[in-house]
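Colleague: got a sequence here, can you build the structure:
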Amino acid sequence: MRAVQIAEFGGPEVLKVSDVAEPVAGDGQLLITVDRAGINYADTHQVENSYLTKAQLPLTPGGEVVGHTPDGRRVVALVGSGGYAEKAVAQAAVAFDVPEGVSDGAALALVVQGTTAWHLLKTMTHLAPGESVLVHAGAGGVGSLAVQLAKLWGAGRVIATASSEEKRNQTLELGADAAIDGTPEGLKDRIIEANGGKPVDIVLEMVGGPTFDESFAALAPFGRLVTFGAASRQAAAAIDPGRLMKGSKTIAGFWLVDCLRDPAAVGGPLAELFDLTASGKLTSIVGGDYALSDVATAHEDMRARRTVGKLVLDPTR
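Modeller: Predicted coordinates for the structure are as follows:
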């Protein structure tokens, strides 16, 4: 079968389509004929071996797929790796039936980015009605869904950051109350200004480096900042515990992989997100449908912040 396989770690240039053996499903697993594979920012870290867990070569990237099982089920599944291929194997516990009214692209957007946004707002920051929420990369996969969910769940004011005017306008169309440039220089002041002169209650942060630092500085008393990525590939400054005590502030981290100890921690939120999607209350943006042979371009576009929403790969092309 056709699959993307890397023989060395590096940037997008190491992503090559190869002919490899088909995977075989073992006990408790499902073989899935892949209709679309999802692309995540974490994949770019996995390809260069800078992710939270170290990878081994040879490697077929791709942590999620949507497709069909031999018995005709249409499922979206978490596969860890191996998704950039015509066929993939998933543990049955993390393969979820996709209802009618939910497209392949939406299913892929919701299984990782959607459930991440759900946990960021509900599990990690405990959003309360009326609170203000800052969403970094508001036009991205997680951000575009987090903006909508925050509004649906009663946020008083949602502020999104984005790197271009076009992306900022898109976040406003999704329901953000304000959209600002996410450039680190002067970011704290822009955040507070966008929130009517007040610090924000909740920050969803996945850039790292000075963006993290500026966001923390804009956090209100009893505010919560949750970090779930480091797209800038920069480390934030160390936080003195005294800065947490003064203002009673919280910093938390989130990694969806930790939810896999209990598949219901993915399946429950996903079912809720499917219902919101089927009813028209939640929109998943598919920002690019790339041929498998164009996988390097997809990674280049994502790393250069030229994309919005969810990116997917078509293994038939």
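Colleague: helices of the stretch 51-200 of the chain, residue ranges please.
Modeller: Per DSSP state H, counting those that start in this stretch, the stretch 51-200 of the chain carries helices over the ranges 104-109, 115-119, 141-152, 165-174, 187-194.
Colleague: just put those helices in TSV and tack on mean pLDDT and distance to G268.
Modeller: For every residue, glycine as well, the C-beta is placed using N, CA and C. As requested, the helices of the stretch 51-200 of the chain are exported to TSV (pLDDT from 0 to 100; distance: least, Cβ to Cβ, whole Å):
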stretch	mean pLDDT	distance to G268
helix 104-109	97	16
helix 115-119	98	9
helix 141-152	97	15
helix 165-174	96	24
helix 187-194	98	32
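Colleague: save those as JSON lines, and put in distance to R317 and mean neighbour count too.
Modeller: Formatted as JSON lines, these follow (distance: least, Cβ to Cβ, whole Å; neighbours: other Cβ atoms under 10 Å):
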{"stretch": "helix 104-109", "distance to R317": "14", "mean neighbour count": "27"}
{"stretch": "helix 115-119", "distance to R317": "28", "mean neighbour count": "24"}
{"stretch": "helix 141-152", "distance to R317": "21", "mean neighbour count": "26"}
{"stretch": "helix 165-174", "distance to R317": "26", "mean neighbour count": "18"}
{"stretch": "helix 187-194", "distance to R317": "40", "mean neighbour count": "19"}
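Colleague: quick check: A235 is in a strand.
Modeller: No: counting by DSSP: H, G, I helix; E, B strand; the rest coil, A235 falls outside a strand, being coil.
Colleague: was I right to think it contacts G209?
Modeller: Yes: here A235 reaches G209: they are 6.6 Å apart, a contact under Cβ atoms under 8 Å.
Colleague: more neighbours: which of the two?
Modeller: Neighbour totals were compared for A235 and G209, and G209 leads with 16 against 10 (other Cβ atoms under 10 Å).
Colleague: so the more buried one touches Q234, yeah?
Modeller: Yes: in this structure G209 lies within contact range of Q234 using Cβ under 8 Å: 2.9 Å.
Colleague: nearest to K54, of the helices of the stretch 51-200 of the chain?
Modeller: Between K54 and those, the shortest gap by Cβ to Cβ is with helix 115-119, which sits at 21.6 Å.
Colleague: got the CA coordinates for that closest one in PDB?
Modeller: What follows is helix 115-119, C-alpha atoms only, in PDB (Å, rounded to 0.1, in the frame of the first residue of the first chain):
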ATOM      1  CA  THR A 115     -11.900  17.000  22.300                       C
ATOM      2  CA  THR A 116      -8.800  19.100  23.200                       C
ATOM      3  CA  ALA A 117     -10.900  22.300  23.100                       C
ATOM      4  CA  TRP A 118     -13.600  20.600  25.200                       C
ATOM      5  CA  HIS A 119     -11.100  19.600  27.900                       C
END
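Colleague: show me what that helix is packed up against.
Modeller: If you count contacts as 3 or more Cβ pairs under 8 Å, 6 or more residues apart in numbering; DSSP states H and E, helix 115-119 packs onto helix 141-152, helix 264-278.
Colleague: let's have those helices in TSV, adding distance to L78.
Modeller: Formatted as TSV, the helices and strands packed on helix 115-119 follow (distance: least, Cβ to Cβ, whole Å):
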stretch	distance to L78
helix 141-152	15
helix 264-278	7
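Colleague: of all the ones you listed, which lies closest to G223?
Modeller: helix 141-152 (14.6 Å).
Colleague: tilt between that closest one and helix 264-278?
Modeller: 70 degrees (axes from the mean of the first three to the mean of the last three Cα atoms, to 10 degrees).
Colleague: got the contact list for helix 141-152?
Modeller: Identification of contacts with helix 141-152 by Cβ atoms under 8 Å, 6 or more residues apart in numbering yields 40-41, 109-110, 112-114, 116-118, 120-121, 127, 133, 135-138, 158, 160, 170-171, 174-176, 204, 206, 228, 273, 276, 281-285, 308-311.
Colleague: ok, the residue most central in space within the chain - contacts?
Modeller: The centre of the chain sits closest to Q113, judged by Cα atoms, centre = their mean, with a distance of 3.6 Å. Shown in contact with Q113 (Cβ under 8 Å, 6+ apart): 40, 141-142, 145, 310.
Colleague: ok, T277 next?
Modeller: For T277, the contact set (Cβ under 8 Å, 6+ apart) comprises 101-102, 106, 110, 283-284.
Colleague: then E131?
Modeller: 155-156, 201-202.
Colleague: how much space separates the residue nearest to I180 when sequence neighbours are not counted from G208?
Modeller: Using Cβ to Cβ, 6 or more residues apart in numbering and skipping the chain neighbours, the partner closest in space to I180 is R190 (4.7 Å). Distance, R190 to G208, using Cβ to Cβ, to the nearest Å: 18 Å.
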